Structure formats: C-alpha cells, structure tokens
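Asker: Sequence and predicted structure below; questions after.
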Amino acid sequence: MRVNPIACEAHGMCAELLPERIALDEWGYPIVDSEPLTPALRDHARRAAQACPTFALLLTRDRE
Amino acid sequence: MSEETLTIDPPVEQAPVPAPGVLPRLLEGIPREGAMSLDRHLAVHGSASVISARRRGRRAESPLIEQVERAGLLGHGGAGFPTATKLRAVAASRKRAIVVVNAAEGEPASLKDRTLMQTLPHLVLDGAQLAAQAVGADELIVCVCETAQASMETSARAISERLGLPLDSVRMHLTAVPDGYVSGQEAALVNHLNGGPAIPTFTPPMVFEQGVRRRPTLVANAETLAHVALIARHGAEWFRQLGTPSRPGSALVTLSGALAHPGVYEIEHGASLVSLIDAAGGMLARPRALLVGGYGGSWIGGELLRGVALSDEHLAPHGASLGAGVVLLLSEDACPVAETARVARWMAEESAGQCGPCVHGLDAIATSVQEIAGGLAQGNATQRIERLAALVHRRGACGHPDGTARFVTSALDTFGPEFADHARHGHCEACSRPGELPLPAHRQAANPTHEPVPFR
Amino acid sequence: MPTIPATGGSLYWYLTRSSGAVALLLLTAAVVLGVVEVRRWSTPRWPRFVVDALHRNVALLAMVFLCLHILTSVLDSFAPISLIDAIVPFAGSYRPFWLGLGAVAFDLLIAVTLTSLLRQRMGYASWRAVHWLTYASWPIALLHGFGTGSDVTDTWLLALSVACLLAVLAAVVVRVLDGWPEHLGRRGAALGGAAVFALFLLIWLPSGPLGSDWARRSGTPSSLLHHASVSSAGSTKVSGE
C-alpha cells in the first residue's frame, strides 16, 4: 500500500476505513504502515482505496 | 528480422592517451577563459571511435554500456545511481529514446555543472551523443539553468559548432530550466520538458520507461556524461586507475568557504580534504565545520576534518555522502545556528508545494530552528525537530524533505553547544553577519582556474 | 396492448409526479451531501467515509427514481411523451421547452453518473470538471418541474420545491465561501448565478406556472387542454380518452 503524496489532499477517509494500518499525522496526511496486508484486511484496504476522493491510496500486488 | 550490423565509424586521429592514474582528466587542457573550442577539444582528447549497432528488431547491447559498467561509473547528480544500469534500462525499451543532459544544478553551493557547460561543453556533448547512440535515442536535449547566461551561450555555440560532424547523428537542442532547487530533479525536469511546471511528478512510471513525450528518457548529469566521453575513449581500466574500488574515477567538487582559491576542482574519489584545501591555496580562516553534499547533505565538525576523505565510503561513518560534490567550509566567525535557520527556511520555501508532509513539515522545522536561533523556543525544540524529521522521511514525492531534514538534524548534532546556547540566550553577535552559506540571486559563474568564487 | 382502465392513466401520472418529486428531493440531498463532503464536515458518529457513501448512494437512488419518473411519464397515455424525449430535448409535442429542460438535466446527470462510476479510468481533474455539471443540472431540473408539473400550484409540492431551493442555495453559498477569495472570478460567477436564478423564480413563478392558463401557455397540445381542469382545491382531474 502506498500513498501518492501529490494526489493526497488529506481527506482522511483511508484512516477511517483502515485504522489498523493508516494513521494521520498532525496535518491530516496519512502515515501508512509498510507491513504487508493480512488477508483479513485486504477487503478493507480495497474499500479504503476506492473511497479516496483523489485516488491517492494505491494498492500493489507483492512481487513474488 | 533480428540481424544487426556493427559498424565502426572511421577513427579520426587519436590524441595521446593520458597518463594513467593522473589528474586532471575532465579538466585537462581547460582554457583560462571562455569555452574550449571544438578544435582544441579534439586536439586534447581526440575523437571517440564510435561503435554503433544499427537496430533491426532486437539490438545487441552497445559496447559502451558494457564499458561504463566495467568502469563502475556512478551518477554525479547527487543520487549516485549506477550509470550503466540507467543506460541499460532506457536501451531496453522498444520505443525511440530521448537523452536529457541535466545541467540544471539547482543546488546553490554547487557550480560544477555550469562550469562544465561554460568551459568544456564539447566533452559533455560528446558523452551525451555517445549515450544517445547507446540507448537508441534520436534526440538530445541540453538543459541549463535559465539564470546561467554564460552557460547558455557557450552551450548554444558549442551545439552549432558541431553541426555536420560525423559523430553527431542525434539532433541536439538547448532548453532553459527555471532556477528552483527541485527543478533539476529527474521527474521535475521531464515535467518541465513536457510543458508542465518544473516540479516532481509521482513515479512510477519512471522516466526511463515514460518520460519526455512518453518516450523512454535518459536523464543524466552533465558531469556524468563528461566521464562517459572519456571512458569511451580510454576504456574502463583507465577509468579505474583513480579513485577507490567501490567509487572509481575522478569527480568535480565545488569547494567554497574562506579559502585562498575557492572554486571547482577535480579530485579523485577518496582524496583527503586536507589535500584539496592545500590545492586551493589553504584556509584564510579556521573552519568550524564542513558541509558536504549540499543543502540536502550533512555537516561534519571541525575537529574531525583532518581525517576526512572525499568519497561516499569514507564519509558514511560521519553520516554524510558526497552528493553533488559540494564541499563547503563554514568559518569559525559564522553563526552556525543562524546559517542553519536561513537555509532551512529557504529550503522550506523551495518546496514544490505538492505534498502535505513536505509543505507543513519543512515549514515547522524551519520555524523551530528560527525559534531556537532567537531564543524563543518553547519546550524541547530539538526533540520536536527530530520528531518532525522522522515524520517527513520518505513521505514526499521526491527527496527534498528528506534532504532538508538531514541537513537540519546533522546541524543539531554538529553544533550542539551553539544550539543550546541560542535556545537559552537567543541571538549571538555573529547572527547578524552576512551569511556564508550562499543562496540564489547572488550566485555567479565560476571557473576552475584561479579566480576566487565570490559569495555573499 | 394492455387495456388501461379510465383510472389507470392517472396511476402512471401519479407515479410520474411522485417519482419526480422524490427525485428532486434526492437530488437536493445529493447536492447538500456533496457540499458537506467537500467541506470535510464530520463527527465521530458521522465519519467522512459515511458522508461519502451516503452522497454516492443518494445520488444513485435519485437516478433510479429519475428513470422511474421518465418511464411512467412515457407509459402514461395522457401526454404524448416518447422515450426519446427523455434524452433529446425540445423535440417533443407536449410542452416541448419545459419537458426538454428535463431532458437536458437528465443528459447532464447521465454524464455525471457515468463518469463517477468510471472514475478509476479517468483523470481526477477531468472527473471533477464533469462533476460540476451537477450545479447546472439542478436548477434546470427545478425549472422543468415548475414548467411541466400540472400540479405545481399544490401547496405541498410548492413548499417542497421551495424548501429544496433554499437548501441548494445554502449549499452553494457554503461551497463558494470555502477558500474565499481564491478563484474569485469563478466564485463570484457562482454566487451571481444563484442570486439571478432565485430572483428569476421570484419574478417568474407568480406570472408563470402559478398564474392563469399556464397549461396552454407552456405548450400543452390543444387536444389535451379541455380534458384537464384544475379545481381550486388543487387536485387535477383527468379524464382519459
């Protein structure tokens, strides 16, 4: 999971929908935990990425 | 159809091979004034025999890339990325590539690239042309800072001098780049060339896949290409006869501070700081500390300078790296806290303004340093700065916040006593002195002979 | 062809006007929610992702009711409205101008809906530019409602329409004031447009739809005119033929 920092406008929906992995700094911008997602969190992550108004949250497949 | 033909362009008379392991290399035969003409350039360096592989379907890898890889050349723009890897990545694409010569040099304390373009444009253009052929490019764009008038003129003249040379199979033109700190960043430069502002874009896609006009783009520092030009002539083994095994070859550094003869010098990697200072005629005032790398680099305290050698592997234990070759000595007369505050604020203003953590974080860091300088800091300001530095780490689209944070935190480490003093007592006498760390609008072109480089 | 009893035609007609009213209500809610969202207002019980989801779902629901509204108006045998009139404006025979406004609004909303469903494939800037068409479609839809609705004099519908208008005006003002005075030209134009629209309604409504003989003046085909009669109680009796 990465954030495109240029697109990000600190809406904060990602942190609401995936608090397990995303926290907001003092200015409202996301700090993403770099740990890989567990299967349980994947749906939440997908929802968080879709909720972002500017598509700043990006999900990438781990390269094997 | 996957056959390829190798043709070797007829070699013009070779110049004498320079003695191995001896400086100068890039700066060989440099004129005292003005740019080295094409004739003189060919007389000094000879012409490179060009081995080009004409492409039909898949092409065999250019012998130049192999040479550059064996030479172990790393980029001289600051990132130190392996040049052969970059060449290979661009060459691998099917689409026709573009080569961009990056002489934008947004780092205020660095003068080497504009010096190269001003005095040795043909060396850089040689390297660029060779690289263009190696990656299959059909176009070459030379990018020079718009305020570097002299470099613009000499580059334009050099380009027109070369029209009609057999070496130049690739179309060349010159473009001006805005004078911003981040304008020379790879993606920012490509953004500018694509008609946008000179600020970084989000990657991927990397510029070597999709850059100028969506074509694979090789963005190479001017100095790096100059080295390529010499490697093509004299080979990888020759290149490795200077420098260290992990960082072979020579490099240009911009030496500034209270020295007899500050300016751009060519050193071999691993050269001692002391020898460089000697070559520059010695210090005029005692150095308090060394800033190496640039305003995104790190400080090394004066007491350690005797043992400092100029290569990444020797600087690493000090938490520093050579970066874009900035070697700046801060005198004992300066106030390091005031200098740090000025530069930190300038760096915060140089933010492209695209990424929240950079915009807010650098502003907060600069404000905290300014507060310490004025004795107005609340609570533990040093701790706040350290926390902010960790907060901005890798959260921007480019390395600007990271560099600024590194600059400030290394200043806190190196100048602990001065910072503590200012936190308690506020401004010192030296705070009101004119700054020693240069900031633009006072930048002037330098040449590597014995003209001192004036700073404000 | 299904036989429609005498009251059957009025069933579709009731459905058309009620679904139209609901669509207006939902579109109003969508606009208000959109402004709440872009202003980033939220509480712990109403986090941002809930406002966002509400906005999207209310908007989609509005489209559903809009489709119902169009379908029932086509099926209603009273007025000669064909399906094509829902998309191609001003070509119909029943109150062509006012019906056509509805088609224009619908076209705009189709564009907005499609681009929002396909957001992932568009650039953010282009998606946003299209999305602003909602600010144009709403007043056009309202005018359509006033112009075509044969029961626009009904108190409840008038009150509903006015309430929705006030809500959208408030939303526009809140939206425009956010970040004032950046982009002053754009913001000034938006405020000016909203004021002009409100003023226009104030002047036009009494002499227009709320005035006498509006059915004829708005372009109802003459063959239908003497079938409709409006009583002072505000209900409309239609005898189908």
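Answerer: Happy to help now that I have it.
Asker: Longest helix in chain B, please.
Answerer: The single longest helix within chain B, with elements called by DSSP state H, is helix B:356-373.
Asker: Quick check: next helix or strand after that helix?
Answerer: The C-terminal neighbour of helix B:356-373 among helices and strands, as given by DSSP states H and E, is helix B:381-392.
Asker: What is that next one packed up against?
Answerer: Applying 3 or more Cβ pairs under 8 Å, 6 or more residues apart in numbering or on different chains; DSSP states H and E, we find helix B:381-392 packed against helix B:356-373, helix B:400-414, helix B:416-425. C-beta coordinates here come from the backbone N, C-alpha and C atoms, glycine included.
Asker: okay, the angle between that helix and helix B:356-373?
Answerer: 170 degrees (axes from the mean of the first three to the mean of the last three Cα atoms, to 10 degrees).
Asker: And the contacts of helix B:381-392?
Answerer: Residues outside helix B:381-392 that contact it (Cβ atoms under 8 Å, 6 or more residues apart in numbering or on different chains) are A:25, A:31, B:357-358, B:361-362, B:364-365, B:368-369, B:371-372, B:401-402, B:404-406, B:408-409, B:412, B:419, B:423.
Asker: Surely residue C:94 is within a helix?
Answerer: No: counting by DSSP: H, G, I helix; E, B strand; the rest coil, one finds residue C:94 to be coil, located in no helix.
Asker: Any idea how many residues pack against residue C:91?
Answerer: By other Cβ atoms under 10 Å in any protein chain shown, the residues close to residue C:91 number 13.
Asker: Now residue 37: closest residue in space that isn't a chain neighbour?
Answerer: Picked chain A for this. Excluding the flanking residues, the one nearest residue A:37 by Cβ to Cβ, 6 or more residues apart in numbering or on different chains is residue A:45, at 5.4 Å.
Asker: The chain in question should be chain B.
Answerer: Excluding its sequence neighbours, the residue lying closest to residue B:37 (Cβ to Cβ, 6+ apart) is residue B:161, at 7.3 Å.
Asker: what does residue A:9 give?
Answerer: Nearest residue to residue A:9 in three dimensions, chain neighbours excluded: residue A:54, at 5.6 Å (Cβ to Cβ, 6+ apart).
Asker: Need the pLDDT of the one you found.
Answerer: As predicted, residue A:54 sits at a pLDDT of 90.
Asker: Can you tell me how far it is from residue C:109?
Answerer: Applying Cβ to Cβ, to the nearest Å, the value for residue A:54 to residue C:109 is 23 Å.
Asker: Quick check: residue B:25 vs chain C, distance?
Answerer: Distance of residue B:25 to chain C, computed by Cβ to the nearest Cβ, to the nearest Å: 48 Å.
Asker: Enumerate every residue touching that residue.
Answerer: Applying Cβ under 8 Å, 6+ apart, we find residue B:25 in contact with B:18, B:230, B:242, B:249, B:250, B:266.
Asker: Just to check, the third one is in contact with residue B:267?
Answerer: No: if you go by Cβ atoms under 8 Å, residue B:242 and residue B:267 don't touch, sitting 9.1 Å apart.
Asker: which residues are common contacts for those two?
Answerer: Counting by Cβ under 8 Å, 6+ apart, the common neighbours of residue B:242 and residue B:267 are B:23, B:250.
Asker: Of those two, which one has the most company?
Answerer: Taking other Cβ under 10 Å, residue B:242 and residue B:267 do not tie; residue B:267 has more neighbours (26 against 21).
Asker: now for the host helix or strand of residue C:127, which elements pack on it?
Answerer: In the assignment (DSSP H and E), residue C:127 maps to helix C:124-131. Helices and strands touching helix C:124-131, by 3+ Cβ pairs under 8 Å, 6+ apart, are helix C:96-117.
Asker: the inter-axis angle of the helix it packs on versus helix C:124-131?
Answerer: 160 degrees.
Asker: Would you mind listing what in the stretch 101-250 of chain B touches chain A?
Answerer: Taking Cβ under 8 Å from any Cβ of the partner chain as the measure of proximity, the stretch 101-250 of chain B contacts chain A at B:200, B:201, B:202.
Asker: same thing but at 6 Å, please
Answerer: Within the stretch 101-250 of chain B, the positions adjacent to chain A are residue B:202 by Cβ under 6 Å from any Cβ of the partner chain.
Asker: Let me see the ranges of the strands in the stretch 101-250 of chain B.
Answerer: Using DSSP state E, counting those that start in this stretch, the strands of the stretch 101-250 of chain B run over residues B:137-145, B:171-177, B:217-221, B:250-257.
Asker: from memory residue B:301 sits against residue B:289, does it?
Answerer: Yes: contact status for residue B:301 versus residue B:289: in contact at 5.3 Å, counting by Cβ atoms under 6 Å.
Asker: Among those two, which residue is more densely surrounded?
Answerer: Using other Cβ under 10 Å, the more surrounded residue of residue B:301 and residue B:289 is residue B:289, with 24 against 17.
Asker: which intervals of the stretch 151-300 of chain B have sub-threshold pLDDT?
Answerer: For the stretch 151-300 of chain B, applying pLDDT under 70 flags the ranges B:164-167.
Asker: Could I get the full set of helices for it?
Answerer: For the stretch 151-300 of chain B, the helices defined by DSSP state H, counting those that start in this stretch cover B:186-193, B:222-234, B:236-239, B:273-279.
Asker: Residue A:54 and residue C:109: which is more packed in?
Answerer: Shown here are residue A:54 and residue C:109; by other Cβ under 10 Å, residue C:109 has more neighbours (23 against 16).
Asker: if I pick the closest residue to that one other than its chain neighbours, what's in contact with it?
Answerer: Counting by Cβ to Cβ, 6+ apart, residue C:109 lies nearest to residue C:137, which is 5.3 Å off, once chain neighbours are set aside. Residue C:137 sits next to C:105, C:108, C:109 when contact means Cβ atoms under 6 Å, 6 or more residues apart in numbering or on different chains.
Asker: Looking at residue B:324 now. What's its pLDDT?
Answerer: pLDDT for residue B:324: 93.
Asker: go on, the one 5 residues further on?
Answerer: For residue B:329, the pLDDT comes out at 96.
Asker: quick one: the longest helix of chain B near chain C?
Answerer: No: using Cβ under 6 Å from any Cβ, helix B:356-373 stays clear of chain C, coming no nearer than 13.9 Å.
Asker: Tell me where chain C has strands.
Answerer: Along chain C, counting by DSSP state E, strands occupy C:228-230, C:236-238.
Asker: worst average pLDDT in these?
Answerer: strand C:236-238 (a mean of 46).
Asker: where along chain A do the helices fall?
Answerer: With helices called from DSSP H, chain A shows them at A:13-17, A:39-51.
Asker: Mind putting those helices into JSON lines with distance to residue B:143 and mean pLDDT?
Answerer: Converted to JSON lines, the helices of chain A look like this (distance: least, Cβ to Cβ, whole Å; pLDDT from 0 to 100):
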{"stretch": "helix A:13-17", "distance to residue B:143": "37", "mean pLDDT": "94"}
{"stretch": "helix A:39-51", "distance to residue B:143": "36", "mean pLDDT": "92"}
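Asker: out of those helices, deepest packed?
Answerer: Greatest average neighbour count among the helices of chain A goes to helix A:13-17 (a mean of 23), per mean count of other Cβ atoms under 10 Å in any protein chain shown.
Asker: pull the CA atoms of that one into CSV?
Answerer: Extracted C-alpha coordinates of helix A:13-17, given in CSV (Å, rounded to 0.1, in the frame of the first residue of the first chain):
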residue,chain,number,x,y,z
MET,A,13,-11.2,8.6,4.7
CYS,A,14,-8.4,6.0,4.3
ALA,A,15,-7.6,6.3,8.0
GLU,A,16,-11.2,5.9,9.0
LEU,A,17,-11.6,2.8,6.9
